[in-house]
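1. Starting from these lines, generate the structure:
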Amino acid sequence: MQLRPEQLAAHLDKPLAPLYLLHGDEPLLVIEAGDAIRAAARRQGFEEREVIIVGTGFKWDELFMAAGNMSLFGGAKLVDLRIPSGKPGREGSEALQRYISTLGPGIVTLITLPELDWQAKKAAWVTALSNAGISIECNAPPPARLPQWIAERLARQQQSAPRPALEFIAAHVEGNLLAAHQEIQKLGLLYPPGEISLEQVEGAVMNVARYDVSDLRDALKNRDTVRAARTLEGLKGEDAAPPLVLWALATEARGSGARPALLQAAKIDRMIKGLARGDVWDEFLQLALKITRQGINPHPRPSPQGRGVTH
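-> Prediction:
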């Protein structure tokens, strides 16, 4: 059975299912869902919890032993299995499918995974786990829905804010839900229940955006010129290593088939090595503009002078 994260609270008011599978691309939501399941288990009499982390050399017999050993206190038990890699391997895949057949009263199993790609979601072991219990995919809301997500979180602490204030928070956290969560909690401490004005939000919210090259690659892949420029500015402000930034840009340039962009990447490489003069960060921006605008013409041609132009 599939559940959305927002449906979990109502579900946990009922007797727990024998197995829960958590996965997704948003750590905050995965953590919150796991905490909610663990709290519900305690309320429902699962007095003992055994945490099992799957790493190199892990013996899958440990999982069966954990489920077979009843609580030391004679009550029910929560088996908290975590697979950080999301890849149990052939032996683990077979073990997890066998494990399902051992599920019985007195044991609830919580399995936590990272984000799964489309192939992993179709794997036999993932399908078997999902069918045997409750599967919850905890993904971040798309950027367009982030202001509404923030509004829902404010409502939990009996606060609200006008749309411009919600958009202000969303813009400043750059899609980082943990940062958004922290800012929302701060507003709850600073102001009483009720509506918070845009001016109050602007005065309280810090620019908590944190940038890395994966953000830049996402912006380039999505042909989002504004976000790419903003991310480059953030990377510059955080003194990101130019070779790493160039790697991200060059990788996306090759994927886009933009030959003038590759020529410019080679030029920047010479600048970074001190073999050519120029402003590296300005060249990064120009290169990002070429890549994000590449969708206009999938087959650009270099000018006779060798400088990148798009016709």
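2. Past the helix or strand hosting residue 99, which element shows up next along the chain?
-> Using DSSP states H and E, residue 99 falls within helix 89-100. Past helix 89-100, heading to the C-terminal end, the next element that is a helix or strand (DSSP H and E) is strand 107-112.
3. And the helix or strand following that following strand, what does it pack against?
-> Moving toward the C-terminus from strand 107-112, the next helix or strand (DSSP H and E) is helix 118-121. Using 3 or more Cβ pairs under 8 Å, 6 or more residues apart in numbering; DSSP states H and E as the contact test, no helix or strand touches helix 118-121. Yep, even glycine has a C-beta here, placed from its N, CA and C like the rest.
4. does the residue lying closest to residue 217 once chain neighbours are set aside sit in a helix or strand, and which one?
-> Nearest residue to residue 217 in three dimensions, chain neighbours excluded: residue 248, at 5.0 Å (Cβ to Cβ, 6 or more residues apart in numbering). Counting by DSSP H and E, the element that carries residue 248 is helix 242-256.
5. name the helices or strands packed onto that helix?
-> Counting by 3+ Cβ pairs under 8 Å, 6+ apart, helix 242-256 packs on helix 213-221, helix 259-272, helix 280-292.
6. List the contacts of the shortest one.
-> Helix 213-221 is contacted from outside by 174, 224, 227-228, 231-232, 234-235, 240, 244-245, 247-249, 251-252, 255, 288, 291-292, using Cβ atoms under 8 Å, 6 or more residues apart in numbering.
7. Show me which of those residues are buried.
-> 174, 224, 227-228, 231-232, 234-235, 240, 245, 248-249, 252, 288, 291-292 (16 or more other Cβ atoms under 10 Å).
8. Residue 58: which of these is nearest?
-> residue 248 (33.5 Å; Cβ to Cβ).
9. Return the distance of the closest one relative to residue 129.
-> From residue 248 across to residue 129, the span is 35 Å (Cβ to Cβ, to the nearest Å).
10. Repeat that for residue 240.
-> 39 Å.
11. Likewise for residue 10?
-> 22 Å.
12. re earlier: need the helices and strands packed on helix 242-256 in a markdown table with distance to residue 43, can you?
-> Formatted as a markdown table, the helices and strands packed on helix 242-256 follow (distance: least, Cβ to Cβ, whole Å):
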| stretch | distance to residue 43 |
| --- | --- |
| helix 213-221 | 38 |
| helix 259-272 | 57 |
| helix 280-292 | 50 |
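13. With adjacent residues omitted, what lies nearest to residue 170?
-> Nearest one to residue 170, counting by Cβ to Cβ, 6+ apart, is residue 146 at 4.3 Å.
14. Cross-check the contact I'm expecting between the one you found and residue 180.
-> Yes: with contact defined as Cβ atoms under 8 Å, residue 146 counts as touching residue 180 (7.4 Å).
15. Pull up the overlap in contacts between those two.
-> Taking Cβ under 8 Å, 6+ apart as the contact rule, residue 146 and residue 180 both touch residue 170.
16. Of residue 10 and residue 129, give the one with the bigger neighbour count.
-> residue 129 (23 against 9; other Cβ atoms under 10 Å).
17. Give the buried residues for the helix or strand harbouring that one.
-> Using DSSP H and E, residue 129 falls within helix 124-132. Residues of helix 124-132 classed as buried: 125-126, 128-130, 132 (neighbour count, 16+ other Cβ under 10 Å).
18. Would you mind giving the residues you listed as TSV with pLDDT and distance to residue 37 added?
-> Output for the buried residues of helix 124-132, formatted as TSV (pLDDT from 0 to 100; distance: Cβ to Cβ, whole Å):
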residue	pLDDT	distance to residue 37
125	94	20
126	94	18
128	94	20
129	94	15
130	92	16
132	92	15
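19. Which one of the residues you listed is nearest to residue 271?
-> Using Cβ to Cβ, these come closest to residue 271 at residue 126, 46.4 Å.
20. Spatially, and excluding backbone neighbours, which residue is closest to that closest one.
-> That would be residue 120: by Cβ to Cβ, 6+ apart, it lies 6.1 Å from residue 126.
21. returning to what we had before: how about the CA coordinates for the helix holding residue 248, as CSV?
-> Output of helix 242-256 as CSV, limited to C-alpha atoms (Å, rounded to 0.1, in the frame of the first residue of the first chain):
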residue,chain,number,x,y,z
PRO,A,242,36.7,26.7,-9.9
PRO,A,243,37.8,23.3,-11.3
LEU,A,244,34.8,21.7,-9.7
VAL,A,245,32.4,24.3,-11.1
LEU,A,246,34.0,23.9,-14.5
TRP,A,247,33.6,20.1,-14.3
ALA,A,248,29.8,20.6,-13.8
LEU,A,249,29.5,23.0,-16.6
ALA,A,250,31.6,21.0,-19.0
THR,A,251,29.7,17.8,-18.2
GLU,A,252,26.4,19.5,-19.1
ALA,A,253,27.9,21.1,-22.1
ARG,A,254,28.9,17.7,-23.5
GLY,A,255,25.4,16.4,-22.8
SER,A,256,23.8,19.3,-24.6
